[in-house]
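K.L.:
Fold the following and give me the result.
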Amino acid sequence: MDPDISVLIPAFNEEAHLGQAIESVRRSFESVGRNSYEIVACDNNSTDLTAEVARSNDARVVFEPHNQIARARNAAAKASLGKWLIFLDADTQMNAEVLRQTMSNFESGKVGAGGAVVTMDEEVSLGARWFVALWNQVSIRFRLAAGSYIYCLREAWSDTGGFDERYYASEEIWFSRKLHAWCRGRGLEFRVIGNPPIVTSARKLKWFSKWQLWKQFFRCMDFRSMRDRKKCPMWYERPGKKL
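P.N.:
Here you go, the predicted structure:
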(Lines give C-alpha, C1' and ligand atoms only; values in the text may rest on other atoms or scores of the structure.)
Protein backbone atom coordinates (compact mmCIF):
# COMPACT_ATOMS: atom_id res chain seq x y z
CA MET A 1 0.00 0.00 0.00
CA ASP A 2 1.31 3.44 -0.93
CA PRO A 3 2.11 5.83 1.94
CA ASP A 4 -0.17 8.74 2.77
CA ILE A 5 2.67 11.27 2.93
CA SER A 6 5.94 11.66 1.08
CA VAL A 7 8.57 13.84 2.75
CA LEU A 8 10.85 15.14 0.00
CA ILE A 9 14.32 16.44 0.77
CA PRO A 10 16.55 18.06 -1.89
CA ALA A 11 20.18 17.70 -0.87
CA PHE A 12 23.41 19.02 -2.33
CA ASN A 13 26.51 18.29 -0.20
CA GLU A 14 24.43 17.96 2.97
CA GLU A 15 26.20 15.11 4.74
CA ALA A 16 26.51 17.23 7.90
CA HIS A 17 22.79 18.05 8.22
CA LEU A 18 20.78 15.47 6.31
CA GLY A 19 20.85 12.78 8.98
CA GLN A 20 19.44 15.21 11.55
CA ALA A 21 16.69 16.29 9.17
CA ILE A 22 15.66 12.69 8.50
CA GLU A 23 15.72 11.86 12.20
CA SER A 24 13.50 14.87 12.94
CA VAL A 25 10.98 13.53 10.42
CA ARG A 26 10.92 10.11 12.06
CA ARG A 27 10.56 11.59 15.56
CA SER A 28 7.72 13.81 14.43
CA PHE A 29 5.74 11.01 12.79
CA GLU A 30 6.27 8.79 15.81
CA SER A 31 5.09 11.59 18.09
CA VAL A 32 1.85 12.12 16.18
CA GLY A 33 1.26 8.38 15.92
CA ARG A 34 1.39 8.07 12.15
CA ASN A 35 3.43 5.54 10.20
CA SER A 36 2.10 5.80 6.64
CA TYR A 37 4.89 7.91 5.20
CA GLU A 38 8.09 7.71 3.19
CA ILE A 39 11.23 9.85 2.99
CA VAL A 40 12.70 10.52 -0.44
CA ALA A 41 16.02 12.35 -0.62
CA CYS A 42 17.25 13.73 -3.93
CA ASP A 43 21.03 13.69 -4.20
CA ASN A 44 21.58 16.76 -6.37
CA ASN A 45 24.98 15.74 -7.76
CA SER A 46 26.74 15.91 -4.40
CA THR A 47 30.48 15.45 -4.07
CA ASP A 48 30.33 14.31 -0.44
CA LEU A 49 28.55 11.45 1.37
CA THR A 50 25.04 12.90 1.08
CA ALA A 51 23.58 9.83 -0.65
CA GLU A 52 25.25 7.42 1.78
CA VAL A 53 23.92 9.38 4.77
CA ALA A 54 20.40 9.25 3.34
CA ARG A 55 20.55 5.51 2.70
CA SER A 56 22.05 4.78 6.11
CA ASN A 57 19.04 6.53 7.61
CA ASP A 58 16.65 4.39 5.56
CA ALA A 59 15.58 7.14 3.17
CA ARG A 60 14.98 6.31 -0.48
CA VAL A 61 17.49 8.12 -2.70
CA VAL A 62 17.01 9.47 -6.22
CA PHE A 63 19.64 11.28 -8.25
CA GLU A 64 19.40 14.56 -10.16
CA PRO A 65 22.61 15.40 -12.07
CA HIS A 66 21.83 19.04 -12.82
CA ASN A 67 22.62 21.10 -9.74
CA GLN A 68 19.42 23.09 -9.28
CA ILE A 69 17.08 23.14 -6.29
CA ALA A 70 13.90 23.26 -8.39
CA ARG A 71 14.94 20.16 -10.34
CA ALA A 72 15.92 18.32 -7.17
CA ARG A 73 12.54 19.04 -5.58
CA ASN A 74 10.69 17.92 -8.70
CA ALA A 75 12.82 14.79 -9.07
CA ALA A 76 11.99 13.74 -5.51
CA ALA A 77 8.30 14.41 -6.08
CA LYS A 78 8.24 12.41 -9.33
CA ALA A 79 9.73 9.42 -7.55
CA SER A 80 7.39 9.64 -4.57
CA LEU A 81 4.25 7.62 -3.89
CA GLY A 82 2.28 9.65 -1.35
CA LYS A 83 -0.99 11.46 -1.97
CA TRP A 84 0.26 14.31 0.21
CA LEU A 85 3.68 15.93 -0.27
CA ILE A 86 5.91 17.76 2.18
CA PHE A 87 9.06 19.46 0.87
CA LEU A 88 11.65 19.82 3.64
CA ASP A 89 15.10 21.36 3.25
CA ALA A 90 18.07 19.23 4.28
CA ASP A 91 19.18 21.80 6.88
CA THR A 92 15.72 22.07 8.44
CA GLN A 93 14.18 20.28 11.42
CA MET A 94 10.59 19.05 11.30
CA ASN A 95 8.69 19.19 14.57
CA ALA A 96 5.66 17.24 15.71
CA GLU A 97 3.31 20.19 16.09
CA VAL A 98 3.93 21.52 12.58
CA LEU A 99 3.41 18.01 11.25
CA ARG A 100 0.23 17.62 13.32
CA GLN A 101 -1.18 20.85 11.91
CA THR A 102 -0.14 19.85 8.40
CA MET A 103 -1.95 16.53 8.76
CA SER A 104 -5.03 18.28 10.15
CA ASN A 105 -5.02 20.69 7.21
CA PHE A 106 -4.80 17.85 4.70
CA GLU A 107 -7.49 15.79 6.39
CA SER A 108 -9.89 18.72 6.73
CA GLY A 109 -10.50 18.71 2.98
CA LYS A 110 -10.37 22.50 3.10
CA VAL A 111 -6.63 23.09 2.57
CA GLY A 112 -4.74 22.21 -0.58
CA ALA A 113 -1.31 23.59 0.17
CA GLY A 114 0.71 25.80 2.49
CA GLY A 115 3.90 26.34 4.42
CA ALA A 116 5.16 27.36 7.84
CA VAL A 117 6.87 30.36 9.37
CA VAL A 118 10.53 29.88 10.21
CA THR A 119 13.03 30.50 12.96
CA MET A 120 16.79 30.02 13.11
CA ASP A 121 18.47 27.17 14.98
CA GLU A 122 20.79 29.53 16.85
CA GLU A 123 21.09 33.13 17.95
CA VAL A 124 21.52 35.59 15.09
CA SER A 125 22.08 39.32 14.80
CA LEU A 126 19.35 41.88 15.34
CA GLY A 127 19.27 42.61 11.62
CA ALA A 128 18.85 38.93 10.80
CA ARG A 129 16.06 38.58 13.38
CA TRP A 130 14.31 41.58 11.85
CA PHE A 131 14.57 40.09 8.38
CA VAL A 132 13.19 36.71 9.50
CA ALA A 133 10.31 38.41 11.32
CA LEU A 134 9.55 40.48 8.22
CA TRP A 135 9.56 37.40 6.00
CA ASN A 136 7.20 35.57 8.37
CA GLN A 137 4.70 38.43 8.19
CA VAL A 138 4.97 38.54 4.39
CA SER A 139 4.60 34.74 4.26
CA ILE A 140 1.33 34.79 6.20
CA ARG A 141 -0.08 37.93 4.62
CA PHE A 142 0.64 37.03 1.00
CA ARG A 143 0.45 33.24 1.36
CA LEU A 144 4.02 32.47 0.36
CA ALA A 145 5.82 29.40 1.65
CA ALA A 146 9.50 29.42 2.57
CA GLY A 147 11.45 26.74 0.73
CA SER A 148 12.37 25.09 4.03
CA TYR A 149 8.82 23.72 4.44
CA ILE A 150 6.10 23.44 1.79
CA TYR A 151 3.18 21.04 1.79
CA CYS A 152 0.59 20.33 -0.89
CA LEU A 153 -1.75 17.74 -2.33
CA ARG A 154 -0.03 15.60 -4.93
CA GLU A 155 -2.41 16.73 -7.66
CA ALA A 156 -1.60 20.36 -6.82
CA TRP A 157 2.07 19.72 -7.54
CA SER A 158 1.24 17.74 -10.67
CA ASP A 159 -1.40 20.08 -12.07
CA THR A 160 0.76 23.19 -11.62
CA GLY A 161 3.83 21.62 -13.18
CA GLY A 162 5.77 21.66 -9.92
CA PHE A 163 8.68 23.99 -9.28
CA ASP A 164 9.65 26.28 -12.14
CA GLU A 165 12.98 24.97 -13.43
CA ARG A 166 13.86 28.25 -15.09
CA TYR A 167 14.83 29.56 -11.64
CA TYR A 168 17.88 28.70 -9.55
CA ALA A 169 16.45 30.50 -6.52
CA SER A 170 13.04 31.92 -5.53
CA GLU A 171 11.41 28.81 -7.03
CA GLU A 172 9.32 28.44 -3.86
CA ILE A 173 7.80 31.90 -4.44
CA TRP A 174 6.60 31.01 -7.92
CA PHE A 175 5.41 27.61 -6.75
CA SER A 176 3.48 29.24 -3.89
CA ARG A 177 1.75 31.57 -6.31
CA LYS A 178 0.77 28.69 -8.59
CA LEU A 179 -0.45 26.66 -5.63
CA HIS A 180 -2.48 29.59 -4.33
CA ALA A 181 -4.20 29.97 -7.69
CA TRP A 182 -4.78 26.20 -7.91
CA CYS A 183 -6.35 26.15 -4.45
CA ARG A 184 -8.52 29.19 -5.13
CA GLY A 185 -9.87 27.60 -8.29
CA ARG A 186 -11.03 24.60 -6.27
CA GLY A 187 -12.39 26.38 -3.25
CA LEU A 188 -9.41 25.34 -1.12
CA GLU A 189 -7.16 27.36 1.15
CA PHE A 190 -3.42 27.94 0.99
CA ARG A 191 -2.56 28.00 4.69
CA VAL A 192 0.73 29.05 6.27
CA ILE A 193 1.18 27.57 9.75
CA GLY A 194 1.94 30.48 12.07
CA ASN A 195 2.85 28.68 15.28
CA PRO A 196 5.12 26.95 16.02
CA PRO A 197 7.75 27.81 13.42
CA ILE A 198 9.85 25.32 11.53
CA VAL A 199 13.50 25.47 12.61
CA THR A 200 16.11 25.95 9.91
CA SER A 201 19.86 26.49 9.85
CA ALA A 202 21.44 29.92 10.32
CA ARG A 203 24.69 28.76 8.70
CA LYS A 204 24.44 31.03 5.65
CA LEU A 205 24.50 34.03 7.96
CA LYS A 206 27.96 32.84 8.99
CA TRP A 207 29.18 31.82 5.56
CA PHE A 208 28.50 35.18 3.94
CA SER A 209 29.34 38.70 5.03
CA LYS A 210 26.65 41.30 5.71
CA TRP A 211 27.59 42.99 2.45
CA GLN A 212 27.17 39.73 0.52
CA LEU A 213 23.81 39.05 2.19
CA TRP A 214 22.45 42.50 1.39
CA LYS A 215 23.79 42.27 -2.15
CA GLN A 216 21.92 38.99 -2.60
CA PHE A 217 18.78 40.49 -1.06
CA PHE A 218 18.67 43.37 -3.52
CA ARG A 219 19.58 41.10 -6.42
CA CYS A 220 16.52 39.00 -5.56
CA MET A 221 14.36 42.05 -6.25
CA ASP A 222 14.99 41.36 -9.94
CA PHE A 223 13.57 37.86 -10.29
CA ARG A 224 15.07 37.53 -13.76
CA SER A 225 18.51 37.35 -12.15
CA MET A 226 17.36 34.22 -10.32
CA ARG A 227 17.54 32.38 -13.65
CA ASP A 228 21.34 32.67 -13.56
CA ARG A 229 23.03 30.32 -11.09
CA LYS A 230 26.08 32.58 -10.93
CA LYS A 231 23.87 35.26 -9.39
CA CYS A 232 22.61 32.89 -6.68
CA PRO A 233 25.75 32.11 -4.65
CA MET A 234 23.85 31.75 -1.36
CA TRP A 235 22.20 28.59 -2.70
CA TYR A 236 25.04 27.04 -4.70
CA GLU A 237 28.29 27.88 -2.95
CA ARG A 238 29.96 26.73 0.23
CA PRO A 239 32.86 28.47 1.96
CA GLY A 240 35.89 27.92 -0.24
CA LYS A 241 33.93 25.69 -2.63
CA LYS A 242 32.48 27.45 -5.66
CA LEU A 243 30.66 25.54 -8.37
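K.L.:
Need the residues that contact the host helix or strand of residue 198.
P.N.:
When elements are assigned from DSSP states H and E, residue 198 belongs to strand 189-200. Strand 189-200 is contacted from outside by 89, 91-95, 97-98, 101-102, 105, 110-121, 136, 139-140, 143-146, 148-149, 176, 179-180, 183-184, using CB atoms under 8 Å, 6 or more residues apart in numbering. Every C-beta, even on glycine, is put in place using the N, C-alpha and C of the backbone.
K.L.:
how does it look with 7 Å?
P.N.:
Residues outside strand 189-200 that contact it (CB atoms under 7 Å, 6 or more residues apart in numbering): 89, 91-93, 95, 97-98, 101, 105, 110-121, 139-140, 143, 145, 148-149, 179-180, 183.
K.L.:
Same check on stretch 63-78?
P.N.:
By CB under 7 Å, 6+ apart, the residues outside stretch 63-78 that reach it are 8-10, 12, 40, 42-45, 62, 85, 87, 157, 162-165, 167-168, 171, 235-236, 243.
K.L.:
Off-centre distance for it?
P.N.:
Here stretch 63-78 shows a centroid-to-chain-centroid distance of 12 Å under the convention CA atoms, centre = their mean, to the nearest Å.
K.L.:
Not counting sequence-adjacent ones, nearest residue to residue 152?
P.N.:
In space, residue 152 comes closest to residue 113 once its chain neighbours are excluded; the distance is 3.7 Å by CB to CB, 6 or more residues apart in numbering.
K.L.:
got the contact list for that neighbour?
P.N.:
If you count contacts by CB under 7 Å, 6+ apart, residue 113 has them with 151, 152, 153, 156, 179, 183, 190.
K.L.:
Please apply the same query to residue 145.
P.N.:
Residue 145 neighbours (CB under 7 Å, 6+ apart): 114, 115, 139, 172, 176, 192.
K.L.:
Just to be sure, it is in a helix?
P.N.:
No. Going by DSSP: H, G, I helix; E, B strand; the rest coil, the assignment for residue 145 is coil, not a helix.
K.L.:
roughly how far apart are it and residue 45?
P.N.:
In this view, residue 145 and residue 45 are 25 Å apart by CB to CB, to the nearest Å.
K.L.:
now residue 35
P.N.:
32 Å.
K.L.:
Please say which of those two ends up with more neighbours.
P.N.:
More neighbours surround residue 45 than the other of residue 35 and residue 45, with 17 against 10 (other CB atoms under 10 Å).
K.L.:
Can you list the low-confidence ranges for the chain?
P.N.:
127, 205-222, 239-243 (pLDDT under 70).
K.L.:
tally of neighbours for residue 119?
P.N.:
By other CB under 10 Å, neighbour count at residue 119 equals 16.
K.L.:
That one bridge partners, please.
P.N.:
Taking DSSP bridges as the rule, residue 119 bridges to residue 199.
K.L.:
Tell me which helix or strand residue 66 sits in.
P.N.:
Residue 66 belongs to no helix or strand when assigned by DSSP H and E.
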